[in-house]
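**Q** sequence? don't have it. structure:
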């Protein structure tokens, strides 16, 4: 992926409900300073607190990339979106998307990009220069989020930890491994789209050696206990060579996402398995906190659960939305 | 990968020493009935017990594919090979290779294949219709080889187990996951070349539901303890949903292949980790044998080690070359 040039014009398309525009939402939530406006098509039921701009107006306000912040089932590039994308290219914007369909596979877009001298950025398509991992030890602190399942708050937790470190003036980088994270960061590697042999190597490339007190805060992917994606999680764990893990969990998840009947593993089991696997390349790794998504719980109940887990594991336990992640970062202070 | 059409003409190129032609060697060792001849270039220091045939003669003897059975450092397609490949295509042979370089990226070969109406088969390039794994239970017996490291005899052991089952008249299929295995079998999926998200799904597709007493004997890849490739091994383990594991090991391996300083894990640790991980999709999985590559040991010493491990683990322990794998298959008899 070429780095994305910001600021962004956020394309919401014809998103029928907020969840369809969750990528745009996340970008605006975490990087409002990168967003100059939104563009919506007829039927769009979502709006962010951003001015409605057409591509020409957006360029006048400094925008450099129109980012597709909407997804439909299957990650299809809807034909109805192409006209706006062509107008964006003609107005001088790059166009970036993390869809399953590639922008580069739409001849009209390729032609328009060439004509306008602008870039199409397919965020789900990894760069081609990746290597096999070496496992060689490297300097720097690296914190990786791991989870009991997919979609339990790893990205949110990672961004919250990074923001907290930035607020404290620590040297740190957010390292994105998925499409939304890459759009937020402007850079990264879509780790689940990498050829299997190179997953750990991609994670090494994403988190290079750094000063001993520098933090790479790395977005985790999948789960060692997800039958579809555990290999991705393990490759990332080995390549990231984490000094610290934060364990993410959604307490009310009834079963592994997308797989009814597949039980969600326990926190202790998940922590043990991740630490054990991580030690292969990071012998000193330790777990430094637990991050819960308690959105389905009453506040009092959520607080009691955090207190209980914190005591049981002897670690800070937070909900990044309700309590922030300060308690975890406190424990990392030099 | 399109299935390879046999019989084969084995291309040995300018192999400077036997190891460079190990793919050709393995094909000829395991499937002599598929091999009608060999073709060698000036400087080739390797010869199999096969007639020297040019492509036209090979076609006359029934050959349908010229298989590149030689590899050089980096998996490069040597420019000096192209002329023979073009002659093979013109003579009516498909050309198959498992090189890093793709046959399809050489314009001369693409043109010759089109002209002759023949296929170029890039064995390392997986088919495009793979899906994410479901983890859903399926019928049939599946035996997967796993290892303490890469290149400890998993392919050899898998083929020996399959041959033993065939000899006993059992319903069974060898399932290839790497380039040499695919050339031997004529079909398979190069699992380490699959996009990370689809590794477990590829393993599911490779080993579909079958009769309850049918055996899929699945070639393992990598090792859960290899810092570069563990994710591949884990995805394969989950997708293959093995009822049985055979643990492969080379006792004299000084360190993980290619990574001096990275210790080879113990047999017990490897067995435990693989069984634990496999249970996620195959709760009834068990280890049914140990297979050693004792080629670096004296015969007496090798025999003593097999006896010792067999007693220690309560499992048959074999060297497939020295003792065969009958003892393992005995334990699987209905």
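**A** Cool, got the structure. Quantities reported herein were computed from a predicted structural model and do not represent experimental measurements. Numbering: from 1, shown residues only, chains lettered A, B, ... in the order given.

**Q** Only C-alpha atoms from now on, for both contacts and neighbour counts.
**A** Will do.

**Q** how about the helices in the stretch 51-200 of chain A?
**A** A:55-60, A:82-91, A:107-116, A:154-167, A:179-185, A:199-206 (DSSP state H, counting those that start in this stretch).

**Q** Quick check: residues of chain A near chain B?
**A** A:132-135, A:191-201, A:225, A:227-235, A:238-239, A:259, A:280-281 (C-alpha under 8 Å from any C-alpha of the partner chain).

**Q** Go again with 6 Å.
**A** A:133, A:135, A:192-197, A:200, A:227-228, A:231-232, A:234-235, A:238 (C-alpha under 6 Å from any C-alpha of the partner chain).

**Q** Looking at the residues you listed, which one is closest to residue B:205?
**A** Proximity of the residues of chain A next to chain B to residue B:205 was ranked by C-alpha to C-alpha; the top entry is residue A:228 with 12.7 Å.

**Q** Are we agreed that the closest one is in a helix?
**A** No. Per DSSP: H, G, I helix; E, B strand; the rest coil, residue A:228 lies outside any helix segment and is coil.

**Q** Please name the residues that touch it.
**A** Each residue near residue A:228 by C-alpha atoms under 6 Å, 6 or more residues apart in numbering or on different chains is listed here: B:133, B:200.

**Q** okay, and for the stretch 51-200 of chain A, where does confidence drop off?
**A** For the stretch 51-200 of chain A, not a single residue meets the criterion pLDDT under 70.

**Q** how about 90 then?
**A** A:71-76, A:99-100, A:125-129 (pLDDT under 90).

**Q** most neighbours, which of the residues of chain A next to chain B?
**A** Counting neighbours by other C-alpha atoms under 10 Å in any protein chain shown, residue A:235 leads the residues of chain A next to chain B with 37 neighbours.

**Q** Would you check that that one makes contact with residue A:201?
**A** No. Using C-alpha atoms under 6 Å as the test, residue A:235 is too far from residue A:201 to be in contact (8.3 Å).

**Q** Which of the helices of the stretch 51-200 of chain A has the highest mean neighbour count?
**A** Comparing these by mean neighbour count (mean count of other C-alpha atoms under 10 Å in any protein chain shown), helix A:199-206 ranks first with a mean of 27.

**Q** I would like the residues contacting the helix or strand just after that one, please.
**A** Counting by DSSP states H and E, the next helix or strand C-terminal to helix A:199-206 is strand A:215-218. Applying C-alpha under 6 Å, 6+ apart, the external contacts of strand A:215-218 come out as A:141, A:142, A:143, A:144, A:172, A:173, A:174, A:175.

**Q** any idea how far the fourth one is from chain B?
**A** When you say that, I think you mean residue A:144. Residue A:144 is 16 Å from chain B, where distance means C-alpha to the nearest C-alpha, to the nearest Å.

**Q** quick one, what contacts that residue?
**A** A:218, A:220, A:242, A:245.

**Q** Most widely separated two among these?
**A** Counting by C-alpha to C-alpha, the most remote pair of the contacts of residue A:144 is A:220 and A:242, 10.9 Å apart.

**Q** Chain B versus the spatially most central residue of chain A, what's the distance?
**A** By C-alpha atoms, centre = their mean, chain A has its centre lying nearest to residue A:181, at 3.0 Å. With distances taken as C-alpha to the nearest C-alpha, residue A:181 is found 17 Å from chain B.

**Q** on that earlier part again, list only buried entries from the contacts of residue A:144.
**A** Neighbour counting with 16 or more other C-alpha atoms under 10 Å in any protein chain shown marks A:218, A:220, A:242, A:245 as buried within these.

**Q** of the residues you listed, closest to chain B?
**A** Nearest to chain B, judged by C-alpha to the nearest C-alpha, of those is residue A:242 at 13.1 Å.

**Q** what about the strands in chain A?
**A** For chain A, the strands defined by DSSP state E occupy A:8-13, A:35-40, A:65-68, A:94-97, A:120-122, A:141-147, A:172-175, A:215-218, A:244-249, A:286-292, A:317-318.

**Q** Same list (these) but as a markdown table, adding distance to residue A:28.
**A** Below are the strands of chain A laid out as a markdown table (distance: least, C-alpha to C-alpha, whole Å):
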| stretch | distance to residue A:28 |
| --- | --- |
| strand A:8-13 | 9 |
| strand A:35-40 | 6 |
| strand A:65-68 | 11 |
| strand A:94-97 | 15 |
| strand A:120-122 | 19 |
| strand A:141-147 | 22 |
| strand A:172-175 | 16 |
| strand A:215-218 | 20 |
| strand A:244-249 | 23 |
| strand A:286-292 | 22 |
| strand A:317-318 | 23 |
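
**Q** Ok, which of those comes nearest residue A:76?
**A** Nearest to residue A:76, of all the strands of chain A, is strand A:94-97, at 10.7 Å by C-alpha to C-alpha.

**Q** these two touch, right, residue A:186 and residue A:4?
**A** Yes. Taking C-alpha under 6 Å as the definition, residue A:186 is a contact partner of residue A:4 at 4.7 Å.

**Q** Who has more neighbours out of the two?
**A** residue A:4 (25 against 20).

**Q** per-residue confidence at that one?
**A** Residue A:4 is assigned 96 on the pLDDT scale.

**Q** Return the distance of it relative to residue B:75.
**A** Using C-alpha to C-alpha, to the nearest Å, we find residue A:4 at a distance of 34 Å from residue B:75.

**Q** next one: residue A:176
**A** Relative to residue B:75, residue A:176 is positioned 32 Å away (C-alpha to C-alpha).

**Q** Counting neighbours around each, name which of these two comes out higher.
**A** Shown here are residue A:176 and residue B:75; by other C-alpha under 10 Å, residue A:176 has more neighbours (28 against 13).

**Q** hang on, isn't that one packed against residue A:183?
**A** No. Using C-alpha under 6 Å, residue A:176 is not in contact with residue A:183; the gap is 8.6 Å.

**Q** neighbours of residue A:44, just the number please.
**A** Neighbours of residue A:44 (other C-alpha under 10 Å): 16.
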